[in-house]
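Peer 1: build me a structure from this.
(2 chains)
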Amino acid sequence: MSFISLKNVTKRYRNGGVVIEAARNMTFDIEKGELAVIVGPSGSGKTTVLNILGGMDNCDSGSVSVDGNEIQFYTRKQLVDYRRHDVGFIFQFYNLIPNLTARENVELAEQITSDCIKAEEILEKVGLGDRLDNFPAQLSGGEQQRVSIARALSKKPKLLLCDEPTGALDYTTGKMILKLLQDTCRADNMTVIIVTHNSALTAMADKVIKVKSGETVSIVKNENPKSIEEIEW
Amino acid sequence: MKSASFKNTLRSIWRTKARYISILFIVALGVGFFAGIKASEPDMINSTDKYSDMQNLMHFRLISTWGFDDEEVRALEALDGVSVKRSYFYDCVTDHNEDEAESRFIAYDKDSDINQLWLKDGRFPVRDNECLLDSASYLYPVGTKISVVSEDAGDNLKNTEYTIVGHVYSAMYVSDYEHGNTTAGDGGIDHIVFVPAGNFTIGYYTELYLVFSDMKAETVYTQGYKDLEKEKKPLIEEAGAAASSDRYMRTAEDSEKQIADAEAELEKAEAELVDAKKQLEDAKAQIDDGEKQLEDAEKLLSEKRGELEDGEKQLNDAEAEYAEKYAELTEGTEKLMDARRQYSEGLEEYASSALEAEKELAAAKEQISVAEVNLDYAREELESSRESYETVRGLYDKAYGLFEELKARYEEIRHEAGLEEEKSLLKEQLEKAEEAFLKIGARLDESKAELYAGQAEFDRYVSELEEAKRQYEEGRARADRELSDAKQKLEDAKAEIEYNEGLLEEGRALLAQGREELDANGKVLSEARAEVEKAEAELAEKRADLEAGIKEYNEGKAGYEDGLAQLAEGKARLADSKKLLEELEPPEWFIYTRDDNGGYQEYGQNAERIGNIAKVFPAFFIIVAALVSITGMTRMVSEERTQIGTLKALGYSGIRIFGKYLFYGCSATFLGCVLGLAVGYKLFPFVIFKAYSILYRVQVNEMPFLFKDALIITGVSLALSALTVLFSCVKVMMPVPAQLMRPSAPPSGKRVLLERIRPVWKRLSFFSKVTVRNVFRYKKRMIMTLIGIMGCTALMLCGFALRDSISDIVAKQFDNVMHFDAMAYTQAVDREAISEIQEILGNYDKGAQITAAMQKSYSLSHGDVSHSGYVMVGESAEKTQNIMEPRNRTTGERYTLEPGEALVTEKLAKILKVREGDVITVSLSDTEKADITVGGVIENYIYH
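Peer 2: Numbers count the residues shown, from 1 in each chain, chains lettered A, B, ... in the order given. Just a heads-up that it's a prediction; the model follows:
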């Protein structure tokens, strides 16, 4: 059984009288330590599937198994635990708490987990050892995203879910972030799932999952993933 | 270490401090207002309670138609837990610098702890003529002297002049305007004066103050207090009835005994008086006898005295005549002596003057001879002078001739030239001749003068001689004449002297005879005088005896008359006493509670009024506070939507996130409560105290922090706050985090009813359309706005309503409801007396309408509710309308009083739960009851 296994996951949204099917019979597996890229155009259901995977949303049908746990049956409380201990989230707009410094943003994650990496340590690791006490507003986009990554990693998650991590960044910075993610994946044997509309990124993935209109179009295992430096777009 | 999420919360508060503070303050305002107003009533009541406890204010004040004696006081003291203060009061008119005022003098007893006085300034009196002035009165400064001018002052007070030594607050008089009434002066009391109790000379206690320990433990104005009051009153009445009837009996018996004693005494006195009268009459007769005897003796004596006086007068006359004669004789003798002396002097004078005349004449003769010698000599000299003159004359003539000759010669040759030598020679000779001539001329003049002088001297001597001769002749004649005159006079005087000597001898003999006679008469008279004087002394003695007797008699008589007067007086008194005894009514006690103290009662009502305000008014503030809190929190939560999502994504539970907002809202509320309570508990009661302190003189401001209330208020506020936070958060707590990560979908625009009305909708501008749709799109906001504005409007309205309800009531009550301008109280009188009073009053003001009425307090009941109320009965049904407007407030219906019906005020109707047509039972006494039908419910705003 794969580390992550989605089977026939379907998700519908009701907006007013209209029902939108954001995911339809979405099915794929991701192995532990893999760097998977879910790629597809806007509205193809890639973020929906990521949210479901991260316990941020529930599916209407199908099953989601993470590390052998059927999370679709999780209660609210279990989901909170799941998010707390097993998942690290990275958002397109970093979602740092503006009231807290880089260090405190990471500590925010530390506070709720028992086994975690020290904020200074992890920030050092993402290259922000000298910006510990800066507020998000004092940091550049890339730096903020790195704080975001540090926050996600500090919890030692089983799974790192990245929703358009470079969407708000320029090319070089984006590359730097992707490099960080790739390195994290490789070095810590972390399962990393990146959602993007940029198909250029597929080259760096171990597994590329293409989605379109809420359905899985193809699942391709990349035997020779390139390093970030080699990728151009 | 502060956790990051807590730091986040704190920083959130810091970032949104305006919102936080606004929540804090609105809560503080609401809570402060609520707590403050709510605390005002208990604070006012507790202050009064503490004040009256501190001053040990009486619970009951007793007055009796008879005053009280110690027996009655002892009967009262037998009641449980009571202490009684015996006191006096006396209402009178006082004066200070022509400023007359009605004053109530109350005994100041420094040993009693009941109704203590609170010294404002000055000191307590130590001397009897010092007093304290209650500060509710017009404040004469310390040191002012006031005097009691009422006529009966002497019967009630030892001193009538007092010096103010201090100002006090008395718990009895908390109101500035309510001092009670008096029968002195115009009926109102201006000054409350406390004077040392020793000043009162009234034979009984005029008032008693009662303090019950269990009532003291109760808080005033409370139901518990009122219940105790109700419980004690019959006990006092019972004790009073027993004690006063005892006293009545005792007094009646005493009076009867006294009357009997007095009667016996009077009879005894009457008998004594009759005896005395007899004695007096005897004495009178004796006195009259004695007087007659005395008068006879006096008459005799006075005759004798008259005789004696006549004799004495004669003797005196004779003596005077003798003295006169004797004086004449003495005078005559003296004159004779004088005459003799004069005569001898005359003789001597005559002899000396004759001698002198001779001497003078001899001197004159000698002078004549001297003059003759002189004359001769002068003649000789004259002759010689004439001779020498002739000689000189001859010489002169000769010299003159020579000179003339020379001159002529000179003249001759002078004009001829030459002959100069001759000329000068001649001239020289001329000059010499002239010189000689002139010299002789001078000599001639000299001898001529000499001649003349000699001639004059000679003439003088001649006239002198003649004068001397004439004088001598005159002197001789005069001396002869004078001497013969003097001789004649001397002879006449001698003859007279001899004649007078004869006369004097005769007189002397006569006088000696008179003297002898006088001496004999004098001796007789002095004997008679001694006799008379002795008789007189005897008589005077007798008169003194008699007068003493008369005096004694008069005294006896006066004593007897006094006795008679006293007897009459005694009889009158006895009659009075008998009448009094017949009319003697048992003492009636009046029991007053603190509620009968106008100011005290009003104060309680005012506290209650504030309490009523506290019931509704601050609720609005609480609602507004909740709304503000909800709005703020909702806004905040929706602003932090993404953050909440992120936190959730990070693995924060909903509760934990909610905790942040709960902390936010509740901490603001808690701080608001603390601030509000701290300020409210002190500020509002203080402000209300201050406002009432214009009217009331409660000296204690009890503003305790009411912890129980504070806890409840804080608890409720926190719960309310938590609810509002929950209400605000529920929308973001429920959805899955993914939903939160997406921006919240704005509520879809809805078609509104207005759109159906095409002509209107078409004409609206784009913004208007948006606005109209938004109104319905954001219902919550709209409702919030509506409720908020509603609350504030209600608050403002409430404020105005409060003001109007107080100010309008005055106008309504006194313009529309009550028709009378003044009310006069009398004793119970009959109809005749009423019309008399009406006539008298009507004379003051012709336009005045006077309505007589009876007003009395009864217990009124309907069903199981009973309440005490005033029953007012006008002299006639129509005239009752002159007192109060018989109108219903809501329907405006005017009632007319029908027999057997009563009009009931709104409040009473509400308390008794009666409507028109119901029957009220009036308890006239314990046994008598009367039923009366409610004829209508009328408008009234005060006296309840």
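
Peer 1: check which helix or strand covers the residue of the stretch 251-400 of chain B at minimum distance from chain A.
Peer 2: Across the stretch 251-400 of chain B, the shortest distance to chain A (CB to the nearest CB) belongs to residue B:251, at 93.4 Å. For the C-beta atoms, the positions are set from N, CA and C on the backbone; glycine is no exception. According to DSSP states H and E, residue B:251 maps onto helix B:223-414.

Peer 1: just to revisit the earlier point, OK, contacts around the residue of the stretch 251-400 of chain B closest to chain A?
Peer 2: residue B:584 (CB atoms under 8 Å, 6 or more residues apart in numbering or on different chains).

Peer 1: for it, give its distance to residue B:869.
Peer 2: Distance, residue B:251 to residue B:869, by CB to CB, to the nearest Å: 36 Å.

Peer 1: residues in contact with the residue nearest the centre of chain A?
Peer 2: For chain A, residue A:161 is the residue whose C-alpha lies nearest the centre (CA atoms, centre = their mean; 1.4 Å). Counting by CB under 8 Å, 6+ apart, residue A:161 makes contact with A:50, A:53, A:54, A:87, A:88, A:89, A:90, A:193, A:195.

Peer 1: how about the nearest residue to it, chain neighbours excluded?
Peer 2: residue A:54 (4.7 Å; CB to CB, 6 or more residues apart in numbering or on different chains).

Peer 1: what's around the one you found, how many residues?
Peer 2: Using other CB atoms under 10 Å in any protein chain shown, the number of residues around residue A:54 comes to 26.

Peer 1: contacting residues around it?
Peer 2: Residue A:54 neighbours (CB under 8 Å, 6+ apart): A:83, A:87, A:89, A:159, A:161, B:649.

Peer 1: dump the residue contacts of the fourth one.
Peer 2: To tie it back to what came earlier, the one meant is residue A:159. Contacts of residue A:159 (CB under 8 Å, 6+ apart): A:4, A:53, A:54, A:66, A:86, A:87, A:88, A:190, A:191, A:193.

Peer 1: which of the residues you listed fall in strands?
Peer 2: Using DSSP state E, the members of these that fall in strands are A:4, A:66, A:87, A:88, A:191, A:193.

Peer 1: which two among the residues you listed are spaced furthest apart?
Peer 2: A:4 and A:88 (14.0 Å; CB to CB).

Peer 1: all helices for chain A, in order.
Peer 2: According to DSSP state H, chain A carries its helices in the segments A:46-53, A:76-85, A:102-110, A:119-125, A:141-154, A:171-188.

Peer 1: just to be sure, residue B:124 is in a strand?
Peer 2: No. Read with DSSP: H, G, I helix; E, B strand; the rest coil, residue B:124 is coil and lies in no strand.

Peer 1: need the residues that contact stretch A:114-123.
Peer 2: Residues contacting stretch A:114-123 (CB under 8 Å, 6+ apart): A:102-104, A:106-107, A:109-110, A:129, A:131-132, A:147, A:150, A:153-156.

Peer 1: buried members of these into ChimeraX, please.
Peer 2: Here is the ChimeraX command that selects only those of the contacts of stretch A:114-123 that count as buried (16 or more other CB atoms under 10 Å in any protein chain shown):
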select /A:102,103,104,106,107,109,110,131,132,147,150,153,154,155,156
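
Peer 1: circling back: and the residue nearest to the centre of chain A, how far is that from residue B:846?
Peer 2: Taking CB to CB as the measure, residue A:161 falls 106 Å from residue B:846.

Peer 1: ditto for residue B:868
Peer 2: Distance of residue B:868 to residue B:846, given as CB to CB: 39 Å.

Peer 1: and those two? Which one has more around it.
Peer 2: Per other CB under 10 Å, whichever of residue B:868 and residue B:846 has more neighbours is residue B:868, with 10 against 6.

Peer 1: find the nearest non-adjacent residue to the more buried one, please.
Peer 2: residue B:859 (5.2 Å).

Peer 1: ok, residue B:939 next?
Peer 2: residue B:889 is the one closest to residue B:939 (CB to CB, 6+ apart), at 3.9 Å.
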